[in-house]
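Visitor: Here is a sequence with its predicted model. Questions after.
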Amino acid sequence: MERAPGSGRVPRVLAESPSACAPAVSQASLLRLYHRFRALDWNEKGYLSRVDLQQIGALAVNPLGDRIIDSFFPDGSLHLDFPGFVRVLARFRPVDDEDNGNRDPKEPEPLNSRMNKLRFAFQLYDLDRDGKISRQEMLQVLRLMVGVQVTEEQLESIADRTVQEADEDGDGAVSFLEFAKSLEKMNIEQKMSIRILK
Amino acid sequence: MPGRGAPGPGWGLLLVLLALGELPRAQGVEEKPGGAHGESQGFQVVTFKWHHVQDPYIIALWILVASLAKIGFHLSHKVTSVVPESALLIVLGLLLGGIVLAADHIASFSLTPTVFFFYLLPPIVLDAGYFMPNRLFFGNLGTILLYAVIGTVWNAATTGLSLYGVFRSGLMGDLNVGLLDFLLFGSLIAAVDPVAVLAVFEEVHVNEVLFIIVFGESLLNDAVTVVLYNVFESFVTLGGDKVTGVDCAKGIVSFFVVSLGGTLVGVVFAFLLSLVTRFTKHVRIIEPGFVFVLSYLSYLTSEMLSLSAILAITFCGICCQKYVKANISEQSATTVRYTMKMLASGAETIIFMFLGISAVDPLIWKWNTAFVLLTLVFISVYRAIGVVLQTWILNRYRMVQLEIIDQVVMSYGGLRGAVAYALVVLLDENKVKEKNLFVSTTIIVIFFTVIFQGLTIKPLVQWLKVKRSEQRDPKLNEKLHGRAFDHILSAIEDISGQIGHNYLRDKWSNFDRKFLSKILMRRSAQKSRDRILNVFHELNLKDAISYVAEGERRGSLAFIRSPSTDNMVNVDFSTPRPSTVEASVSYLLRENASAVRLDMQSLEQRRQSIRDTEDMVTHHTLQQYLYKPRQEYKHLYSRHELTADEDEKQDKEIFHRTMRKRLESFKSAKLGVNPHKKAAKLLKRERVQKRRNSSIPNGKLPMVSPLHDFTITEKDLELPDPEEAPSYDAEEMSGGIEFLANITQDTATDSPSGIDNPVFSPDEDPGILSAVPPWLSPGETVVPSQRARVQIPHSPSNFHRLAPFRLSGKSVDSFLLADGPEEQPHAPPESTHM
């Protein structure tokens, strides 16, 4: 497969993709992402389907790969267009000083804010979208991420313990705020950022 | 200070020869003790043969003095917490030097370049390389190189030129120096010194990124220093007017030769060393020796070839650590670790002490206030400017930005040390007329940076609130989610098609796995699970010790033999499973605790400690078994000593799971089963399953050859029903199959570890798998493995179709194509590792 011919389409789509959806992603990054998008869209549908993303070999060996793919397709949609693609990726842009400093508090939070980064992670756990990570959901993620050497009982005890540790109101589940609180010591801004998306 | 009097005034004169090691001259001074002990002729029952043992004796004494001094310093915690040890040692050296001078009226001892470069420096640098946190180092390599190369050149040039400028203005008075002398001086004073940096920064505990940048710079700038020094020295010899452009070009070329050559020598010796340790199974005793001898040889070899010796031994340590640590026995590893630390710390002690002693010599002092002060000002100011400029450039490319505070610490941490001193002493007095001025200025600079900056950097770091490295045990949540974040990030990188660091790392780790590890690692090390068992063993020991200590506290160990010990749970595993057994130990402890505890308070404590232990166990389990994201395990040299096999296993494991799941959801979509309904059904089944699971003695896997699970021939993989994938043409399907087959064949060929390791099995239920892969079982419904069965209900939204893999030789992953047109399309096995 050659690099997509007819790169004349690039400017149009770039112009189409309103910078509102990813305000701070630079033009260069946008162009790079667009090429990537086109390359993933190998049969030139103009959108990506789950299958397209599943074909990335590395994702098949990523324990959370499928969940991450799902997060590109919110609300059960089957098509991922370029703005949507960028919007998801924009969360992983590094946080700049200017983002924190002189931001108008009335404006919506930028996509790459700490909370949005955390929210992305949170929704990978929270499959039923009830705003809480239940013990079951925690257990599932653990199962995905832990090698088969660990027994079911161990997994359960770990899941219990993890939930207990973060659970503050005693409802046996981790809400988003509790989730964020349990990670407050962590440098999320750094940990959930990719330099290339600057 | 203990031992200060050891080199007593009486025989101080004898000690002339320490550093020089010139035996012949011993004759001259030997009479004194001889005279003291009578001059009778003929046979003597006891003879005093001082000259016979003089040199080693003196060396040993000095080492003793330095070591005793170290004990002395640490008697007072207050002193050492404020004043860095290096500063204390310098002061001690000054005192000792004063005593020697008062006794002998001649400065008998000094740090000679030979001793320094041949014996004192190598252990320190080797230690630095061997224990280098490789991931951190290579992650910041670009930054480090920029500071080391450009920064050092900048420092040398600006310092030299500015001094020359001031000299021309006449402020320094009349000196017999030219531009080249100043540049030579600039080049030797420019380099940040690894010994000084290590000594001071080790006590400051700044965050690891900051540390690795300053420290890495100090190590890697050696090549620049060597080249600049040699170039300018030869220029000075030539005379300023005879220097041509060709010479300058040669100088630049020689920089690449010296640095790359030195690195190459180091890598070659690292290779040899790793290879040798592979075959030392029957000579365990001398095993540690190889590490030292071969790395020392790398140092000497590159010194012989006039390459950068520091680079050579650094890279020797960096490159060999992974393989050597895997190859040598546990005891040998401990020996190496302690010996290396001991040598390095001893050498460091001696260096600083002798820096002090060397300074007490009236012959070398030539004072020029303007020159000394201006040098101090220039090196500080230009370093600060250089750091700021370079950081400004770097921050455009770095993800972890270097803040202003970091830059301050980096500028302030530019300590000069013994390397500069040794280089300046090496200068030829006939060529460099003002050698003594340079020497005394260098000494002042070193003392100023080590003592003054060393003293103040700690308060400065505190005052600026520089991020410290913290030794905080992460909470479970942090650990778990942190790992999840890593996975997310690597997935996002894959999706966004970024290649860069990780891509190169990936290539290297493939190479490492396929060739290097095979050659350089013992077969047993390649597949050993030693590390896990070791940690497990240690944890168990810890438990046992606390258990026994508890018994001793109570005055008797009788309770150990109490009947409650009999109810051992879960200990009959044929295969020890670290965490399970561990858990059972703590369980046992708990049982006993309630049996033997009387007073409530200590019972509480006991509970607490049990909780801690369990926490530890859980952490340990997570640490051990959480899948590692690519960034973590695919780096050049693992700090965590992961063997490559583990990575492969992990990949396969996840891959199998993913495929199974995708197939499952594909199936359900195809069959029109409402996934939610099915999910509910399966959820029920899962509960049953769980109950069943708990009745299975956990951990006891049947020893059916696990290899069987993987070895699926291509023929076996033919889909029973081609209609299962109607939307994809046959070619693509076979492509997918080839891909799968590739994996399996891969396993079959290079997984002897898989055979030996009964604990590892892709599934909890090998029975189903070994007969036929689950997705190929005849009949209408796929029989999912237990694991899959358990999994599927939890992802009801997960009913996308199976992706055929286009990764085989015919069709190529778009990822590779999109980002690297030069990439070979034939890379199926590789894609499994990405």
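Guide: Done, it's in. For clarity, every value in this text was computed on a predicted model and none was experimentally measured.
Visitor: drop to CA atoms for contacts and neighbour counts, all remaining ones
Guide: Will do.
Visitor: Taking the centroid of chain A, which residue is nearest it?
Guide: What sits nearest the mean C-alpha location of chain A, by CA atoms, centre = their mean, is A:F120, with 4.8 Å.
Visitor: element containing that residue, please.
Guide: helix A:114-125 (DSSP states H and E).
Visitor: which parts of that helix are buried?
Guide: A:114-115, A:117-125 (16 or more other CA atoms under 10 Å in any protein chain shown).
Visitor: Keep only those that also lie close to chain B.
Guide: A:A121 (CA under 8 Å from any CA of the partner chain).
Visitor: Closest one of the buried residues of helix A:114-125 to chain B?
Guide: A:A121 (7.1 Å; CA to the nearest CA).
Visitor: quick one on the thing from earlier: avg pLDDT for the helix holding A:F120?
Guide: For helix A:114-125, the mean pLDDT works out to 83.
Visitor: strands paired with the helix or strand following that helix, and their directions?
Guide: Where DSSP H and E defines the elements, the next helix or strand beyond helix A:114-125 is strand A:132-134. Under the criterion DSSP bridges, strand A:132-134 sits next to strand A:173-175 (antiparallel) in its sheet.
Visitor: CA-only coordinates of the helix or strand that comes right after the strand it pairs with, as CSV, when you get a sec.
Guide: Next along the chain after strand A:173-175, taking DSSP H and E as the criterion, comes helix A:176-182. Extracted in CSV, the C-alpha atoms of helix A:176-182 (Å, rounded to 0.1, in the frame of the first residue of the first chain):
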residue,chain,number,x,y,z
PHE,A,176,-14.4,9.4,39.5
LEU,A,177,-13.5,11.8,42.3
GLU,A,178,-12.2,9.0,44.4
PHE,A,179,-10.3,7.7,41.4
ALA,A,180,-8.7,11.1,40.9
LYS,A,181,-8.0,11.4,44.6
SER,A,182,-6.3,8.1,44.8
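Visitor: In helix A:176-182, which of the residues would be classed as buried?
Guide: A:176-180, A:182.
Visitor: just checking, next helix/strand downstream of it?
Guide: Downstream of helix A:176-182 (by DSSP H and E), the next one is helix A:188-191.
Visitor: starting at the chain centroid, how far to that next one?
Guide: 13 Å (CA atoms, centre = their mean, to the nearest Å).
Visitor: Do any residues in it lie close to chain B?
Guide: Yes. Judged by CA under 8 Å from any CA, helix A:188-191 and chain B are in contact via A:190-191.
Visitor: contacting residues around that helix?
Guide: Residues outside helix A:188-191 that contact it (CA atoms under 8 Å, 6 or more residues apart in numbering or on different chains): A:94-95, A:113-114, A:117-118, B:399-400, B:485-486.
Visitor: Only C-alpha atoms, please: export it in CSV.
Guide: Output in CSV follows, covering the C-alpha atoms of helix A:188-191 (Å, rounded to 0.1, in the frame of the first residue of the first chain):
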residue,chain,number,x,y,z
ILE,A,188,-0.7,12.5,35.5
GLU,A,189,0.2,15.4,33.2
GLN,A,190,3.5,13.8,32.5
LYS,A,191,2.5,10.2,32.6
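Visitor: pLDDT on that helix, on average?
Guide: Helix A:188-191 comes out at a mean pLDDT of 72.
Visitor: buried residues in stretch A:62-81?
Guide: A:62-73, A:78-81.
Visitor: distance of B:V450 from B:I310?
Guide: Applying CA to CA, to the nearest Å, the value for B:V450 to B:I310 is 21 Å.
Visitor: More neighbours: which of the two?
Guide: B:I310 (32 against 29; other CA atoms under 10 Å in any protein chain shown).
Visitor: who are the neighbours of the helix or strand containing that one, in terms of helices and strands?
Guide: According to DSSP H and E, B:I310 maps onto helix B:309-327. Using 3 or more CA pairs under 8 Å, 6 or more residues apart in numbering or on different chains; DSSP states H and E, the elements in contact with helix B:309-327 are helix B:121-130, helix B:208-238, helix B:245-278, helix B:287-304, helix B:523-527.
Visitor: If anything else comes up later, I'll come back, but that's it for now.
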